[in-house]
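S.K.: Coordinates for the following, if possible.
(chains A, B and C)
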Amino acid sequence: MTGRAAAGGQRGAAAPALLAALASLAAAAPAHAGAEQNYILYCRGCHGADAEGVAGKIPPLAGALARFMRAPEGRNYVLRVPGAANSALTDAQLAGVLNWLAERYPAADAPQVAPFTVEEVTRIRHTPLADVLATRREVVRALAASGAAPAAQY
Amino acid sequence: MRVPHALSALLPCLLLTAGAAAATPPPLPAEHLTVEQLPAQTPHWVYIYDDAFANEIDARIYLFDGDSFRRLGQIGAGFDPAYNLSPDGATTVVATTYFARGSRGTRTDVVEFTDNRTLSVSGEIVLPPKRAQTSPSLFLVAYSSDAHFLYVSYVTPEASFGVLDPLHRTVLSEIDTAGCMLVIPSGPNRVSSICESGRLLTVTLDAQGREASRTMSAAFFDPDKDPVFVQGVRTPEGYAFLSFLGEVHAIDFRGAQPVFLPPWSLMSVAEKGHWRPGAEQVWALHRGLGRLYVPMHQGGEGTHKDGGTEIWVFDIASHRRLARWPVQAQGLSRVVAVEVSQDAAPILFATTERADLAVFDALSGHLRHLEKHIAQTPWMLLIP
Amino acid sequence: MMRTLDRLFELSTRSLAQRTSRRSLLASLGQLLTGAALLPLLPIDRSSRANAAEAPPGPESPENCQYWKYCAIDGYLCSCCGGSSTSCPPGTSSSPITWIGTCHNPGDKRDYIVSYNDCCGKTSCGNCECNRNEREKPMYRPSRNNDLNWCMANADANYHCTVSVILGVAEK
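M.R.: Numbers count the residues shown, from 1 in each chain, chains lettered A, B, ... in the order given. Next up is the predicted model:
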């Protein structure tokens, strides 16, 4: 099954299925050209087809990412986790994937999060975290104190 | 009483039989069942890793004598193990996994210690069920150079490593490596890991095996254009890593920070990209002679796990190629792993795609012996 | 006689495959079978339906290591283990985590994104060993690595076989 299925449903219904699917991929989010494909190629293997993660092993991104992105300490954390900091994606591509994810999997209690700028990514991502789990716990605690927060356990 | 006729007729036969019996050798004496004792370890012993891929819960290590060409024994190694030798060669350490019911059930990861004088298991340390299950290299379970610590690479797929006390058989700590992989012993109380970005993470430990500090180098190779194989070799200064296109990346770990020596190429401009290193244990180094042995094959992108049709020999100091041994032309199938003994009359061991073990004179390249089907999938060789 | 020779050839190649390292032999054997280097030497009677059924699969078949979707697969083809290229054999579990690559389909000249999940919970299938490595990278780039046991996160992490599932077309 493909991650494109949801996006392709409304467009080009009269066109041959494959062309419609291709068109939908290209048109899905002009600002995030290639972002969905980058998600599939670089993130989906572990984070899952619907960014759901694996209980106890891999954190979910659906909803959780938007909640991290609503506050500076959350944005800082997200850009420095191993999958972001050490990823082969360029700063622009990383911004694109994260922004696509936040838009595709929003959190009702963290609406309208500001997208990452490339400048923000460049400034923050190149200092990877030393203790990811400990940092995540701290950030989630801080976010929970001020509003919407991702689940403490995954 | 007269001897009955039948008996008298029998007597010559008996006499004849008695005469014949004198010519038959006496029966063999009763034998005594013992357990073989290993002879003293020599520099020409090799520990052959067999993942037994078709029966992967039954991986094992074979001990083979490169002088007598005999199998000396076996060490059990569980499911998809990693292994290494203690710096003094006295212990084989195996990091492996057992499932409670063999083919299924609760997973237990352990480090097992085998006494190389007896090939008996001398102890174990139970790990969290996190160890990296993958192709073997030197950097999945590794001793610090002073044998004070033992490191185990964890991939869950989150990356971290365990620091163990091999003497007291305890787990001291787990260190998060933020995605960087492998445990490369990089100095007293230091472990380095290779990151996806091509950078090298180095963690310094305190005396209790907990993290004291960490540093990140600049990228020392380009993981997109020319990644390095994880199967590095130990050098007198540290370790060296070979790239897919044949660039040697040597790292000096003797100082406070890793020093990355300028990379040099194993091949000419014309050869680059056409001849490539590859397979499972991609090269071997004789540290005293400074001699590198590299199985090479012809091929393009995607052939980095193809075995070598030739073994190229280099002088590591001058970078000069000394020889090309045409092993496939000698009748061997492609070479997948090599290791060289470190003595003055060295032997090069090589295993092949057909799971044979070749024993070469490492100076002349003369093939001394071919042991057919040494194992099921012999992907790595270790010599103390 | 012909059937016996056919059977002998099939048995000898299978046992040979099981005795080799995972690299290349079966892949090159697949090429031999499909490249017809050996087959014409065997007196195969193709008029017989039974014999035709025993003929080795060609590269258009998911039981052949050269099948285009397997361009970076490492392990046993689930197609030969009671599953298919898109399904795990009965009684096994698919790995929730995997690595994802791209393969070129010569049939329609497109590049496809392919997911190489493992099927887990039983020991090695042992049939149809296949290892190819197009665009594969070492384990420090796990999202492109086929050496790792992708069953690692399963409750039962025993490795059985590998699938390759199309996720979509790879855009340039």
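
S.K.: Ramachandran coordinates for residue 74?
M.R.: Picking chain A for this. phi -70, psi -40 (degrees, to the nearest 10).

S.K.: wrong one, chain C
M.R.: According to degrees, to the nearest 10, C:Asp74 has phi -140, psi 110.

S.K.: Does the residue of chain C found nearest chain A have any beta-bridge partners, and if so which?
M.R.: Distances between chain C and chain A by Cβ to the nearest Cβ are smallest at C:Gly168, namely 4.3 Å. For every residue, glycine as well, the C-beta is placed using N, CA and C. Beta-bridge pairing for C:Gly168 (DSSP bridges): C:Ile113.

S.K.: That one - how many residues pack around it?
M.R.: C:Gly168 has 20 neighbouring residues, counting by other Cβ atoms under 10 Å in any protein chain shown.

S.K.: wait, it sits on C:Ile113?
M.R.: Yes - contact status for C:Gly168 versus C:Ile113: in contact at 5.1 Å, counting by Cβ atoms under 8 Å.

S.K.: need the residues of chain A near chain B, please.
M.R.: A:46, A:57-58, A:81-83, A:85-88, A:128-133 (Cβ under 8 Å from any Cβ of the partner chain).

S.K.: Return the distance of the closest residue to B:Asp356 other than its chain neighbours relative to chain A.
M.R.: Of all residues not flanking B:Asp356 in the chain, B:Lys372 sits nearest, at 5.3 Å (Cβ to Cβ, 6 or more residues apart in numbering or on different chains). Computed with Cβ to the nearest Cβ, to the nearest Å, the distance linking B:Lys372 and chain A is 40 Å.

S.K.: Report how many residues lie close to B:Lys372.
M.R.: Counted with other Cβ under 10 Å, B:Lys372 comes out at 10.

S.K.: can you check the one 10 residues further on too?
M.R.: The tally of other residues near B:Leu382 (other Cβ under 10 Å) stands at 20.

S.K.: Check A:Gln153 too.
M.R.: That count, for A:Gln153 with other Cβ under 10 Å as the rule, works out to 9.

S.K.: Could you do B:Ile184 as well?
M.R.: B:Ile184 has 28 nearby residues by other Cβ under 10 Å.

S.K.: Run through the bridge partners of it.
M.R.: The partner list for B:Ile184 in beta bridges (DSSP bridges) reads B:Ser192.

S.K.: re the thing from before, which of the residues of chain A next to chain B ranks first by neighbour count?
M.R.: Once you tally neighbours by other Cβ under 10 Å, A:Asn86 ends up highest among those, having 27 neighbours.

S.K.: is it true that it touches B:Thr177?
M.R.: No - using Cβ under 8 Å, A:Asn86 is not in contact with B:Thr177; the gap is 9.8 Å.

S.K.: For chain A, tell me whether stretch C:75-82 is touching it.
M.R.: No - remark: stretch C:75-82 sits outside contact range of chain A, by Cβ under 8 Å from any Cβ, the gap being at least 16.0 Å.

S.K.: Low-confidence ranges, chain A, go.
M.R.: Low-confidence segments of chain A (pLDDT under 70): A:1-33.

S.K.: Could you report the separation of the residue of it found nearest chain B from B:Pro188?
M.R.: Closest approach between chain A and chain B, counting by Cβ to the nearest Cβ: A:Pro82, at 2.8 Å. A:Pro82 sits 27 Å away from B:Pro188, going by Cβ to Cβ, to the nearest Å.

S.K.: Give me the distance between the two termini of stretch C:72-84.
M.R.: 17 Å (Cα to Cα, to the nearest Å).

S.K.: List the contacts of it.
M.R.: B:302, C:22, C:62-63, C:65, C:70, C:85, C:87-90, C:92, C:101, C:103, C:114, C:116, C:118-119, C:124-136, C:146-147, C:159-164 (Cβ atoms under 8 Å, 6 or more residues apart in numbering or on different chains).

S.K.: and chain A, which of these reach it?
M.R.: Applying Cβ under 8 Å from any Cβ to the contacts of stretch C:72-84, none is adjacent to chain A.

S.K.: and those, which are buried?
M.R.: Among the contacts of stretch C:72-84, those classed as buried by 16 or more other Cβ atoms under 10 Å in any protein chain shown are C:22, C:62-63, C:65, C:70, C:85, C:88-89, C:92, C:101, C:103, C:114, C:116, C:118-119, C:124-134, C:136, C:146-147, C:159-164.

S.K.: now, which of these lie within strands?
M.R.: C:Gly101, C:Cys103, C:Val114, C:Asp118, C:Cys119, C:Glu129, C:Cys130, C:Asn131, C:Tyr159, C:His160, C:Cys161, C:Thr162 (DSSP state E).

S.K.: Just put these in a markdown table and tack on pLDDT.
M.R.: Shown next, in a markdown table, are these (pLDDT from 0 to 100):
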| residue | pLDDT |
| --- | --- |
| C:Gly101 | 96 |
| C:Cys103 | 97 |
| C:Val114 | 97 |
| C:Asp118 | 98 |
| C:Cys119 | 98 |
| C:Glu129 | 97 |
| C:Cys130 | 97 |
| C:Asn131 | 97 |
| C:Tyr159 | 98 |
| C:His160 | 98 |
| C:Cys161 | 98 |
| C:Thr162 | 98 |
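
S.K.: possible to save those as TSV with distance to B:Ser122?
M.R.: What follows is these, written out as TSV (distance: Cβ to Cβ, whole Å):
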residue	distance to B:Ser122
C:Gly101	43
C:Cys103	47
C:Val114	46
C:Asp118	34
C:Cys119	37
C:Glu129	35
C:Cys130	39
C:Asn131	36
C:Tyr159	29
C:His160	33
C:Cys161	36
C:Thr162	37
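
S.K.: Please list which of these are also close to chain B.
M.R.: C:Glu129, C:Asn131, C:Tyr159.

S.K.: between those residues, which is closest to B:Trp379?
M.R.: Lowest distance from B:Trp379 to those (Cβ to Cβ) belongs to C:Asn131, with 11.7 Å.

S.K.: Quickly list what that closest one is bridged to.
M.R.: C:Asp74.

S.K.: so which helix or strand takes in the residue in the stretch 251-384 of chain B that chain C sits nearest to?
M.R.: Nearest residue of the stretch 251-384 of chain B to chain C: B:Gly302, at 4.0 Å (Cβ to the nearest Cβ). Using DSSP states H and E, B:Gly302 is not contained in any helix or strand.

S.K.: just wondering, since we're on it, how far is it from C:Ile73?
M.R.: For B:Gly302 relative to C:Ile73 (Cβ to Cβ), the value is 12 Å.

S.K.: Touching both of the two, which residues are there?
M.R.: C:Arg132.
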